[in-house]
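Asks: how would this look folded up:
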Amino acid sequence: MNTPKTPEVVQVAAKAAIMDRDGKVLILREAKTGEDNTNIGQWGLPGGRYEGSKDASFLDTLHREVSEETGLEVEP
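Replies: I've put the predicted structure just below:
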């Protein structure tokens, strides 16, 4: 008997490469206060998961996550 396969869950992340006029890129270090605490101490670009029910678009996700993590308002 074949067991039906469970559909794979696809998670989409929105990450922003934010550069200043000198070409320096903003990176963040993951704090211990995150909900899932999976990347504590690791460095990375600001951003987070796209949550279709919470965000109208991918860009909405990017704007929300960058604002939450850095306090910055970004433009494409």
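
Asks: So what's the gap between the helix or strand of the chain at the bottom of the mean pLDDT ranking and the chain middle?
Replies: Ranked by mean pLDDT, DSSP states H and E, the weakest helix or strand in the chain is strand 47-49, scoring a mean of 86. Chain-centre distance of strand 47-49: 1 Å, with CA atoms, centre = their mean, to the nearest Å.

Asks: Quick check: buried residues in it?
Replies: Residues of strand 47-49 classed as buried by neighbour count (16 or more other CB atoms under 10 Å): 47, 48. No exception for glycine: its C-beta is placed from N, CA and C like everyone else's.

Asks: next one: stretch 6-22
Replies: For stretch 6-22, using 16+ other CB under 10 Å, the buried residues are 14, 16, 18.

Asks: what pLDDT, on average, does that stretch get?
Replies: What stretch 6-22 shows for mean pLDDT is 85.

Asks: Run through who's touching that stretch.
Replies: 25-26, 44-50, 58-59, 61-62, 65-66, 70, 72, 74 (CB atoms under 8 Å, 6 or more residues apart in numbering).

Asks: Residue 62: what secondary structure?
Replies: helix (DSSP: H, G, I helix; E, B strand; the rest coil).

Asks: ok, it touching residue 74?
Replies: Yes: counting by CB atoms under 8 Å, residue 62 touches residue 74, with 7.3 Å between them.

Asks: Looking only at neighbour counts, state which of the two leads.
Replies: Under the criterion of other CB atoms under 10 Å, the comparison of residue 62 against residue 74 puts residue 62 first, with 21 against 14.
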